[in-house]
Every structure is written in structure tokens, then in C-alpha cells.
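Student: Quick check, what structure comes out for this input:
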Amino acid sequence: MHTYDVIILGAGAAGLMCAARAGQRGLRVAVLEKAEKPGKKILISGGGRCNFTNVDAGPSNFLSANPHFAKSALARYTPRDFIGLVDRYGIAWHEKTLGQLFCDGSAKQIVQMLLDECPDTVDVICDADVETVVRDGDAFGVSASGEHYSAPSLVIATGGPSIPKMGATSFAYDLARQFGLKVVEPRPALVPLTLGEDDVLFRELSGVSAPVRATAGTGKGKGQFDEAALFTHRGLSGPAILQISSYWRHGEEIGIRFLPQADGDWLISLKRDRPRAGLRSVLSEHLPDRLADALAMRLGAQHGIDRELGNVPDKVLRKAGEQLANWRFSPNGTEGFAKAEVTIGGISTAELSSRTMEASKTPGLYAIGEAVDVTGWLGGYNFQWAWASGVAAGDAINL
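Tutor: Residues are numbered from 1 along each chain as shown. Below you'll find the model as predicted:
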């Protein structure tokens, strides 16, 4: 039997950060990772350069059944705190669009930094496939790959089922339920959407990308993003679509504004300035040719705009402009957990302390990172939640 102060299940971003903080407080920590090496999801993120945080990360950038839950951890460990850690290790980084920070070199630097932050009291044990977890009196017992571990504290940091080819499973949820914790229905997030036969015209635009304003959801659950959308052979992808996928529910529509900067009556104004222009040629000035062709074809069929703008009534042009400003798509699904960058849903925040991440019903049990029902936007936000929740637990675990 290997005895520790805390056992952390999962050597991902949250688990390693938690281990480092707990170890620095003098705790003896075992990090059990079923993969052959730690930080595998970190290594593939950001095209191998790890989008390790976002300078604008705050509670409003996260989805959860309790939108207030993430406030405490995010306020106590900010993007500036993690940037300070990166700078102390001399890791060069740069800012891309929308506050996204990436390593100049390799994501391996972030994994190595986290490992170097772990003192000698931390053992990171890979190829440790957990078989059973039990509560035995005041201690948790874990059997993994034939070895047995015991500790008074246990941290669930095994993430969600997104990217199963990386070994991701729903283990965290099964374990949470074992200890009586509720789980918010998990579903794929930051994932491409698929389109049915009604939108086959757009599926044929595979490879075409354009800046759009994408919207999904309603009321307080509405998301809106001005980024690029990418047409694929199965449907829609690109940053704008990945973002709104977290807000979309099966059976709902999404809205795409194809010319985000154009006002409502721009086609009428154009008709007066250039009456001999055709809709297709006008659209191709602002959009890729294949997309302009598809939109002009659909609008022409629906509204009869198959001639010079000067010969089209204003009310028809107004309707066409309105449709371009809010083109409705009805996705028939997503590309699933296989293509999802993260999971929305997870261990219910109602079961956890927002300050310590400890389960109220089971003292000594903690849940952090993607395993919890806190999901960030695309662009470094989910890593910031991993760091912040890992710090919250690592600083709170009792000796």
C-alpha cells in the first residue's frame, strides 16, 4: 500500500497545477495518469503551441448551470498570475487575436514547467489505469494497474469525454455518481455542427471560410460571436461555429450574419448607386466567390433577384438584406465528442464549494478542471479554468 496525503486522478492541466500547489505546501501527492505521459491534451492544444490562457478571461466567458460558481477561483488566480509563472520559467509567448496567448516554441514547455513546479513530495505515476476507488473510513483507497494507494483526500481531475482518441472517458462522472454527486448532462462543446439535406447547397462549399456573426440560444443562454465560419463537407465549423456550439441545443436553429458590418438597407443604397450591378457580383466583392454564388442562387430562387438591382423592388431587396443578416440554419447534430475540444456539463457545481472545489457531501473529495460543470469559450479560457480550479483545490486540501 502506497500512502499519501492526497491522490489526484489525472495528470492534465488541472491535475498538475493542483499537484504543484499541494506539494509546495508540504503534502505528499500521488498523481495517477492512465496515459504513458502527463499533459497529453496540453501537448496537442493550439497546434502544439498551447493556447495557455486568455488575457480577458473572466466569469462571463464561462457556461455553467450556476454562472456565479467560477467567480471565486478565477478571481484568486488570474491570467496575470499564470503569465507570471510562464515568465519566471523564461518561456517566450505571443498574443494572437482576441487575447489568446500561445507559446512561441512548444506546448512541451508548459508541461515541463508544471512538472518542474512539483517538488519531490509529488509522484507523477503514468500508465496507472484506475480499477477501483473506495472510501475506507477517513481515507480513499485507489487500485490502479495492480498497485494500491491510500490518502485522506482525493481529487477528480480526469476531464470529460471529449477527444476519446486521447483516452478521454466519462470516468469522472461515474466516480462522482459513486459518491452521490449529481452530474449535469454532458454534451460536446466547441464542436463542428452538421447540416442536413435542406442545407446541402452549403455543405457543397467545403473549405470556404468567411467572417460572420453567429448566434445561438435564447435569453440569458444566448451566445453571439464575430469570427470566421468554415463550411465543411458535413456542415459548419470555424471559430464562430465552435463558439456557438456551446449554446446550441438539438432542434434549435442558429443564425449567421454574412456581412456583419453592413446596415439593413445596404442593397437598396447599392441599387441607387449602381443600378446595373447584379447580386452575385455585389456579394463576391465581400465574400468568397463560391459562397457568393451559393447565396445569390438561393436568394434568386426565393426572391426573384436574378437580374440587375435597378430592376428589383426595394421591398424585395430589403427582405434579401434581412435574410443575409440573419440566415437561419437548422443543424441536425454535432460531430460529437470525437471532434469536441471540451465537454459542457459535468459534475454539478451545486455539489462543490466554489472556494475549495471540495464536495460538500464527501469531505476530502475534490473535483477540478473539465470534470466540473464549468466550460469556457474557445481561446485559452478552459486552460485558465484548469489553472484556477487546480490552485483552489491545491491550496485548500487539508494536511
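Student: what about the strands in the stretch 151-300 of the chain?
Tutor: 153-156, 183-189, 193-195, 209-216, 223-231, 235-237, 254-257 (DSSP state E, counting those that start in this stretch).
Student: Please identify the most buried of the ones you listed.
Tutor: strand 153-156 (a mean of 28; mean count of other Cβ atoms under 10 Å). Heads up, the C-betas are built off the backbone N, CA and C, glycines and all.
Student: Show me how far that one is from its chain's centre.
Tutor: Put simply, strand 153-156 sits 23 Å off its chain's centre (Cα atoms, centre = their mean, to the nearest Å).
Student: Tell me which strands it pairs with, and in which orientation.
Tutor: Partner strands and pairing direction for strand 153-156 (DSSP bridges) are strand 6-9 (parallel), strand 365-367 (parallel).
Student: possible to save those as TSV with mean neighbour count, mean pLDDT and distance to residue 154?
Tutor: Below are the strands paired with strand 153-156 laid out as TSV (neighbours: other Cβ atoms under 10 Å; pLDDT from 0 to 100; distance: least, Cβ to Cβ, whole Å):
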stretch	mean neighbour count	mean pLDDT	distance to residue 154
strand 6-9	28	98	5
strand 365-367	27	98	5
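Student: Which stretch among the ones you listed approaches residue 182 most closely?
Tutor: Closest to residue 182 of the strands paired with strand 153-156 is strand 365-367 (Cβ to Cβ; 11.6 Å).
Student: circling back: can I get the strands paired with strand 153-156 in a markdown table with distance to residue 247?
Tutor: A markdown table is the format used below for those (distance: least, Cβ to Cβ, whole Å):
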| stretch | distance to residue 247 |
| --- | --- |
| strand 6-9 | 30 |
| strand 365-367 | 24 |
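Student: Tell me which of the ones you listed sits nearest to residue 65.
Tutor: Across the strands paired with strand 153-156, residue 65 has its closest neighbour in strand 365-367 (14.3 Å, Cβ to Cβ).
Student: Could you point out the helix or strand that follows the closest one?
Tutor: Heading C-terminal from strand 365-367, the first helix or strand you meet, by DSSP states H and E, is strand 375-376.
Student: what packs against that following strand?
Tutor: Using 3 or more Cβ pairs under 8 Å, 6 or more residues apart in numbering; DSSP states H and E, the elements in contact with strand 375-376 are strand 62-63, strand 342-347, helix 381-396.
Student: most tightly surrounded among the ones you listed?
Tutor: Among those, helix 381-396 has the highest mean neighbour count (mean count of other Cβ under 10 Å), at a mean of 27.
Student: avg pLDDT for that helix?
Tutor: For helix 381-396, the mean pLDDT works out to 98.
Student: How far off centre is that helix?
Tutor: Computed by Cα atoms, centre = their mean, the chain-centroid distance of helix 381-396 equals 15 Å.
Student: Over to stretch 3-22?
Tutor: The gap between where stretch 3-22 is centred and where its chain is centred comes out at 22 Å by Cα atoms, centre = their mean.
Student: which parts of it are buried?
Tutor: The neighbour-count check on stretch 3-22 (16 or more other Cβ atoms under 10 Å) flags 4-22 as buried.
Student: for stretch 39-51, same thing?
Tutor: Quick answer for stretch 39-51 (16+ other Cβ under 10 Å): 39-43, 45-46, 49-51.
Student: okay, residue 399: pLDDT?
Tutor: Predicted confidence (pLDDT) for residue 399: 61.
Student: again with residue 263
Tutor: As predicted, residue 263 sits at a pLDDT of 82.
Student: any idea how far residue 239 is from it?
Tutor: 24 Å (Cβ to Cβ, to the nearest Å).
Student: more neighbours, the two?
Tutor: The residue with more neighbours, out of residue 263 and residue 239, is residue 239; 22 against 10, by other Cβ atoms under 10 Å.
Student: quick one, what contacts the nearest residue to that one once chain neighbours are set aside?
Tutor: Counting by Cβ to Cβ, 6 or more residues apart in numbering, the nearest residue to residue 239 once its immediate chain neighbours are dropped is residue 227, at 3.9 Å. Contacts for residue 227 (Cβ atoms under 8 Å, 6 or more residues apart in numbering) come out as 98, 211-212, 214, 238-240, 243.
Student: Check these for the minimum pLDDT and say which it is.
Tutor: residue 98 (92).
Student: Leaving out sequence neighbours, find the closest residue to it.
Tutor: In this structure, residue 98 finds its nearest non-sequential neighbour in residue 379, 5.8 Å apart by Cβ to Cβ, 6+ apart.
Student: The one you found reaches residue 102, doesn't it?
Tutor: No: contact criterion Cβ atoms under 8 Å: residue 379 and residue 102 do not qualify, at 10.3 Å.
Student: Low-confidence bits of the protein, can you list those?
Tutor: 399 (pLDDT under 70).
Student: try it again with 50
Tutor: Low-confidence segments of the chain, defined by pLDDT under 50, are absent.
Student: In it, which residue sits furthest out from the middle?
Tutor: For the chain, the largest distance from the centre (Cα atoms, centre = their mean) belongs to residue 311, which lies 47.5 Å off.
Student: how far away is that residue from residue 198?
Tutor: Applying Cβ to Cβ to residue 311 and residue 198 gives a distance of 30 Å.
Student: for residue 240, same thing?
Tutor: Residue 240 is 21 Å from residue 198, by Cβ to Cβ.
Student: rewinding a little: so of the buried residues of stretch 3-22, which ones are in helices?
Tutor: If you go by DSSP state H, the buried residues of stretch 3-22 have 13-22 in helices.
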